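Colleague: This is the structure alone, sequence omitted:
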């Protein structure tokens, strides 16, 4: 039997990493026939292995790091006779999902923000290799009888925080219809139920508009008033808003508070956590199949701007919603592409 849904998504872990020790240098002398006083021949040790984080796009959770294990790289081998250098310790490469922020647990210093597929970060440097006695021979010191030990590898505690990267994020109060909407427009299978906090963890879905166009929507856990101070799912939810390019406010007609009040609560909590995206948002009124045209007008009283009325159950308004969202995402990608092009960078250089 598979793991329950709640255990499959892990977005914050603390781990310990330990790089390998460098190999010790060797004290040795040549022992050859007819060479009674061979010179020093002790070789250097090998470098200690490092611990490296590498982004793998296929991952979307930090679940592999649960359990409090120490992740350790290999030790370097000691030096050998005849000036032979010891083997380097094996690096340990740990795969993480895009959007992983790496913080030193003891100092609180952020040491990395991993967003691109294939991006790497050395989080624990391997120990330096010890030097063999052959290294210390000089005209005045021809038989050194000492070598240096390998250096200790770096050990540290790390906090890994996952902040999902999505083109659009569905935000709304519990039971607003976010999960049903995501399920209706993508192949994602979020848990759906008529009770608060059905969605305990973010769920990603890919929406494919045609053969060459797709984008990612995240169904984010329901917000409640006070979330920015930790109420409800609180900060576990809000950290994922940071990397969501477009916010889709899903307002429901059948909650105890009006859609206008829902919108006020949502925007206030997001602003309290770290700002809004007024130019990158869409307003949606869900569950249109429960309403008459007159009901819709009443429900939208006090809600500013254009609102897309839709029903995930019947499909009403869904095509308009996707077209609008796809247009915003395409425009943002085009803008980012042009701003990152070589010609645009050259034009920004001072003359």
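Modeller: Everything's here; your move. Keep in mind the model is a prediction, meaning the values are calculated, not measured.
Colleague: quick check, residue 179 in a helix?
Modeller: Yes. Assessed by DSSP: H, G, I helix; E, B strand; the rest coil, residue 179 belongs to a helix.
Colleague: Go ahead and confirm it touches residue 203.
Modeller: Yes. Contact criterion CB atoms under 8 Å: residue 179 and residue 203 qualify, at 7.2 Å. Using the backbone N, CA and C atoms, a C-beta is placed for each residue, glycine as well.
Colleague: if I pick the nearest residue to residue 136 once chain neighbours are set aside, what's in contact with it?
Modeller: Of all residues not flanking residue 136 in the chain, residue 144 sits nearest, at 4.0 Å (CB to CB, 6 or more residues apart in numbering). Neighbour list for residue 144: 40, 133, 136-137 [criterion: CB atoms under 8 Å, 6 or more residues apart in numbering].
Colleague: Select only the buried ones of those residues in ChimeraX?
Modeller: A single ChimeraX command selects the buried members of the contacts of residue 144 (16 or more other CB atoms under 10 Å):
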select :40,133,136
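Colleague: Pick out whichever of the contacts of residue 144 sits closest to residue 331.
Modeller: Among these, residue 136 lies closest to residue 331 (CB to CB), at 65.5 Å.
Colleague: surely the closest one meets residue 142?
Modeller: No. The criterion here is CB under 8 Å, and residue 136 misses it with residue 142 at 10.2 Å.
Colleague: In this protein, where is pLDDT below threshold?
Modeller: Where the chain drops to pLDDT under 70, the residues are 1-9, 33-37, 66-67, 187-202, 210-213, 221-240, 273-279, 336-351.
Colleague: How about residues contacting stretch 289-297?
Modeller: So stretch 289-297 is in contact with 253-254, 285, 288, 299, 309, 311, 313-314, 316, going by CB under 8 Å, 6+ apart.
Colleague: Endpoints of that stretch, how far apart?
Modeller: Stretch 289-297 has an end-to-end distance of 14 Å (CA to CA, to the nearest Å).
Colleague: quick one: buried residues of it?
Modeller: residue 291.
Colleague: Check the offset of that stretch from the chain's centre.
Modeller: 41 Å (CA atoms, centre = their mean, to the nearest Å).
Colleague: Give me the three-state assignment for the closest residue to residue 73 other than its chain neighbours.
Modeller: Nearest non-adjacent residue to residue 73, counting by CB to CB, 6+ apart: residue 49, 3.3 Å away. Of the three states, residue 49 takes coil according to three-state DSSP.
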